[in-house]
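Participant: Sequence and computational prediction follow.
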Amino acid sequence: MFQWFKQKKLERKQKELELNKKIWETERPLIEEQNKIKQEKKEVRRQLKHKLSYSKFLLIFLFINFTLLEIFVGFITVYSFSFALALGVLPDFTPLITLISAVVGETLSYGIYAAKSRAENTEGGIVYQSMMNSFNNNEEENDG
């Protein structure tokens, strides 16, 4: 009787093992494909990861600087208006001259950056050519 239970338990384990093998055989290609995709994503991220270029850093710095200047000039103008009303004199509009130059400077810096970026990223530009060379090299490696 005890031998019979052992035999049934052994048969159950064998069936379970066979079922797990079948499941593994059906899921293995999917798992391998998922791992391959994860590896390719890591490789692409590593290739795309780059430091902020100097021109982008300068553009961001200028935008932050001009925005702070605009906020400061707005505050000074409002303060000068309230001060002029308290004294009963005409308000001073000279801080607004600085505001105009800040907006013009911000616009010019963006325009120059956009022109530089357009020149680099169009066909024949530095970034476009290096990207195309890299793409062609990757295709040759995959073909070979």
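Facilitator: Here it is on my side, so go on. Numbers count the residues shown, from 1 in each chain.
Participant: C-alpha from now on. contacts and neighbour counts both.
Facilitator: Fine.
Participant: Quick one: mean pLDDT over the helix or strand that contains Ala86.
Facilitator: Using DSSP states H and E, Ala86 falls within helix 54-87. Helix 54-87 shows an average pLDDT of 84 in the prediction.
Participant: Which segments of the protein make up each domain?
Facilitator: Per automatic domain parsing, the structural domains of the chain span 1-49, 51-144.
Participant: Would you single out the least confident of the ones you listed?
Facilitator: The weakest mean pLDDT among the domains of the chain belongs to domain 51-144, with a mean of 77.
Participant: Give me the distance from that one to the chain's centre.
Facilitator: Offset of domain 51-144 from its chain centre (CA atoms, centre = their mean, to the nearest Å): 19 Å.
Participant: now stretch 44-62
Facilitator: Between the centre of stretch 44-62 and the centre of its chain there are 10 Å (CA atoms, centre = their mean).
Participant: With just CA atoms, put it into PDB.
Facilitator: Taking Å, rounded to 0.1, in the frame of the first residue of the first chain, the C-alpha atoms of stretch 44-62 are listed here in PDB:
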ATOM      1  CA  VAL A  44      20.400  52.400 -27.700                       C
ATOM      2  CA  ARG A  45      20.200  54.400 -24.500                       C
ATOM      3  CA  ARG A  46      23.900  54.100 -24.000                       C
ATOM      4  CA  GLN A  47      24.500  55.400 -27.500                       C
ATOM      5  CA  LEU A  48      22.000  58.300 -27.100                       C
ATOM      6  CA  LYS A  49      23.200  59.300 -23.700                       C
ATOM      7  CA  HIS A  50      25.400  62.300 -24.100                       C
ATOM      8  CA  LYS A  51      26.300  65.400 -22.200                       C
ATOM      9  CA  LEU A  52      24.600  68.700 -22.700                       C
ATOM     10  CA  SER A  53      26.400  70.700 -25.300                       C
ATOM     11  CA  TYR A  54      27.900  74.100 -24.500                       C
ATOM     12  CA  SER A  55      25.500  75.900 -26.800                       C
ATOM     13  CA  LYS A  56      22.500  74.300 -25.200                       C
ATOM     14  CA  PHE A  57      23.900  75.100 -21.700                       C
ATOM     15  CA  LEU A  58      24.400  78.700 -22.800                       C
ATOM     16  CA  LEU A  59      20.900  79.000 -24.200                       C
ATOM     17  CA  ILE A  60      19.400  77.600 -21.000                       C
ATOM     18  CA  PHE A  61      21.500  79.900 -18.900                       C
ATOM     19  CA  LEU A  62      20.400  82.900 -20.900                       C
END
